[in-house]
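Chemist: Provided below for reference: sequence and predicted model.
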Amino acid sequence: MKHNLPIGTAQPSVNWASRSLTVAMMFLAFMGLWQPKEVFGVGSWSAVGSLPGDNIGICLLLPDGTVMAEGSSNAWWALTPDSTGNYSNGTWTRRVNSTWGHQDGSTAVLTNGNVFVAGGENGNGINQVEIYNPVTGLWSVAINPAPVGSGGISDGNAMLLPNDEVMIYPEDNETWLFNPANNTLSLTTGQPRQGIGEVCWVKLPNDNILTIDSDNSSSGATTAEYYDPSTGTWQNAVTGGTVPNIWPNMNGTGDVSEMGPAFLLPNGNAIFFGGNGVTAVYDNGIWSQSASLPGTLGQKDAPGAMMVNGKILLAVSPQGVNSSQSDANGIGPTSFYEYDYLTNSGNGGFSPAPSPGSGISGRAQGTKLLDLPSGNVLLSPGGGQLYVYKPDGSPLAAGQPNITKVQWNSNGSLHLTGTLFNGISQGAAYGDDEQMDTDFPLVRFSGGGNVYYGTTYNWSSTSVQTGSRIVTTEVTVPPAVLEFPEQWSLQVVANGIASPGVSFYSPVWVDFNYSGIQFGWEPFPYETLPQGVTAIAGSYPGGTIAIEGNPSTGHETVPYTISTPMTIISVSGPATINH
């Protein structure tokens with residue numbers, strides 16, 4: 001039975017405040033002023049406070065925790081986090097220009113910490129290979145011109161292999177290997193079985209490189225293959241199921257069909273996001289289709305980032321009219337979704353996420369993403385204003401590095417041993433012509449409210465999902481940590497997930513040739529070893545004494561006994577104790 005209550009008449013069974021709110025909402029709806037609020041994922045955006053004064057494209061994470069960002073033409077920039085490790089409050093500085101512009105080129109961070117940059121679909125360096133050294137801040141020309149055929153290195157993939165070589169795809173359906181030891185390019189032993197233009201590559205736990213074929217056609221293909229670095233050959237990657245069609249049909253445009261990013265998932269499977277919104281999942285050779293993006297959304301050359309909580313942040317946009325040349329990479333506006341492979345709720349694991357600022361009117365193709373060591377994701381929309389996305393939840397325990405041993409090297413650097421230094425996946429990804437892999441260790445020192453990153457190099461592994469395998473890295477200790485004896489928390493960070501902290505004491509300094517104010521600091525060291533021993537025993541148990549200066553020209557003859565466990569290193573040459 002239906003009862004009508006006169007508005008304004010209170011009834012004992014009706015909450016007056018609730019009814020008043022209902023009436024108000026009815027009035028606003030009638031006036032066209034109230035709309036239901038869209039429910040978003042729980043991640044949130046913040047703007048990077050400072051502006052570089054340039055339009056920023058691809059951003060790369062360097063082994064010292066800074067972001068290397070490509071600007072207009074051949075300009076490059078650095079984004080450095082603030083003293084607490086916050087990138088939203090970071091500062092921009094200019095880097096040295098590269099010789100050529102490499103927009104939409106091939107990029108990789110090498111195990112020695114240098115950066116490989118090659119070609120560029122929209123720059124003037126299409127046939128050039130350059131190397132950037134972050135320590136010296138200088139560029140060097142590696143190959144000019146690159147011997148890769150008439151197409152140059154355009155729309156090209158890049159992947160760091162276990163032997164430190166970089167495999168690239170220059171767009172002539174050939175794969176090449178760059179050897180950083182002698183700056184040479186050579187063809188891989190085997191060549192792709194099918195056309196692999198406009199595709200994304202995924203590094204698997206066994207170091208094979210997986211992709212879905214495009215057949216270099218406007219309609220794409222439903223075949224897949226992988227590159228085996230141990231044999232140097234491409235092989236069939238389909239042993240069961242059917243590879244889903246992830247390609248929009250680009251007939252009439254003259255273009256090769258487009259796809260979005262692809263990722264290794266925490267469970268060991270791989271997922272490819274299609275330009276047509278379809279997703280394809282690889283499970284040890286077996287292929288299946290997962291959920292699709294809602295409506296007509298797709299990822300024609302668009303980015304994504306594996307977040308620390310295991311979800312994937314995606315930039316998507318409407319596909320447009322596939323037969324239109326102007327819609328070859330989709331149309332605006334850009335919106336964002338989080339994909340959770342563990343849930344089938346909502347749109348099969350896709351949940352809408354908020355957009356930064358006042359939104360992005362352009363298509364997703366112009367946006368870039370990067371995993372940060374803070375656990376957040378950096379967004380470059382193609383202009384001068386960048387944003388940082390903070391995901392919800394906790395970092396995956398399965399992706400957490402673990403430090404088992406910290407040792408000093410003779411040159412004053414550290415040798416770290418442990419597990420999972422390379423993370424679960426490559427980090428962020430893009431369709432085919434942007435690579436911003438972060439599957440390498442960073443080392444963070446935290447103390448007194450300050451955060452500093454060392455510079456890692458000579459990683460023993462370039463793999464992902466290394467499990468219980470023992471891996472190592474070298475790290476240069478940052479000057480701010482070395483200068484004063486202090487206790488720090490040392491962590492290894494891989495793709496934004498940090499290891500448990502290990503207690504680390506920066507050294508007490510001794511210089512046999514020094515005379516002056518003495519605090520045991522690097523600028524004001526002690527002049528005798530017993531002074532250092534006393535300081536360690538009293539304030540820094542288990543700490544380190546660093547002998548600097550020229551030990552061979554200074555000495556002491558005072559007898560003493562070392563009864564407290566400690567480490568003694570000589571950073572300026574051999575030193576002899578009790579001789």
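Modeler: Nice, I can see it.

Chemist: Only the buried residues of the helix or strand containing Ser288, if you could.
Modeler: Assigned by DSSP states H and E, Ser288 belongs to strand 286-289. Using 16 or more other Cβ atoms under 10 Å as the burial criterion, the residues of strand 286-289 that qualify are Trp287, Gln289. Bear in mind the C-beta positions are built from the backbone N, C-alpha and C, glycine included.

Chemist: what's the offset of that strand from the middle of its chain?
Modeler: Counting by Cα atoms, centre = their mean, to the nearest Å, strand 286-289 is centred 27 Å from the centre of its parent chain.

Chemist: Next: stretch 108-121.
Modeler: 14 Å.

Chemist: now swap in stretch 412-422 and tell me
Modeler: Averaged over its C-alpha atoms, stretch 412-422 has a centre that lies 18 Å from its chain's centre (Cα atoms, centre = their mean).

Chemist: Same check on stretch 479-492?
Modeler: Between the mean C-alpha point of stretch 479-492 and the mean C-alpha point of its chain there is a distance of 24 Å (Cα atoms, centre = their mean).

Chemist: Then stretch 43-62?
Modeler: For stretch 43-62, the separation from the chain centroid amounts to 14 Å (computed by Cα atoms, centre = their mean).

Chemist: again, but for stretch 355-364
Modeler: Here stretch 355-364 shows a centroid-to-chain-centroid distance of 22 Å under the convention Cα atoms, centre = their mean.

Chemist: if we can go back for a sec, what does the strand holding Ser288 contact?
Modeler: By Cβ atoms under 8 Å, 6 or more residues apart in numbering, the list of residues contacting strand 286-289 from outside reads Ala224, Val238, Thr239, Gly240, Gly241, Thr242, Val243, Pro244, Val278, Thr279, Ala280, Val281.

Chemist: Can you check the pLDDT for the nearest residue to the third one once chain neighbours are set aside?
Modeler: Read that as Thr239. What sits nearest to Thr239 in space, not counting adjacent residues and going by Cβ to Cβ, 6 or more residues apart in numbering, is Gly285, at 3.4 Å. Here the pLDDT value assigned to Gly285 is 98.

Chemist: Quick one: the helices in the stretch 201-350 of the chain, in order.
Modeler: Using DSSP state H, counting those that start in this stretch, the helices found in the stretch 201-350 of the chain span residues 345-348.

Chemist: Give me the residue ranges of it where confidence is low.
Modeler: Applying pLDDT under 70 to the stretch 201-350 of the chain flags residues 344-347.

Chemist: give me that answer again for 80
Modeler: Low-confidence regions of the stretch 201-350 of the chain, defined here as pLDDT under 80, cover residues 344-348.

Chemist: among the contacts of strand 286-289, which ones are buried?
Modeler: The neighbour count (16+ other Cβ under 10 Å) marks Ala224, Val238, Val243, Pro244, Val278, Thr279, Ala280, Val281 as buried among the contacts of strand 286-289.

Chemist: how's the chain carved up into domains?
Modeler: The chain is divided into the following domains under automatic domain parsing: 44-398, 508-570.

Chemist: winner for burial among the ones you listed?
Modeler: Highest mean neighbour count among the domains of the chain (mean count of other Cβ atoms under 10 Å): domain 44-398, with a mean of 20.

Chemist: end-to-end on that domain?
Modeler: For domain 44-398, the first-to-last residue distance is 24 Å (Cα to Cα, to the nearest Å).

Chemist: Asp533 belongs to a strand?
Modeler: Actually, residue 533 is Val. It isn't Asp. No - when classified by DSSP: H, G, I helix; E, B strand; the rest coil, Val533 is found to be helix rather than part of a strand.

Chemist: distance of it from Gln235?
Modeler: Here the criterion is Cβ to Cβ, to the nearest Å. By it, Val533 lies 60 Å from Gln235.

Chemist: got it, and Gly156?
Modeler: Plainly put, Gly156 is 21 Å away from Gln235 if you go by Cβ to Cβ.

Chemist: who's in contact with the residue lying closest to Gly260 once chain neighbours are set aside?
Modeler: Beyond its immediate neighbours in the sequence, the residue positioned closest to Gly260 (Cβ to Cβ, 6+ apart) is Gln299, lying 2.6 Å away. Contacts were defined as Cβ under 8 Å, 6+ apart; by that measure Gln299 touches 259-261, 273-275, 277, 293, 314-316, 330, 364, 431.
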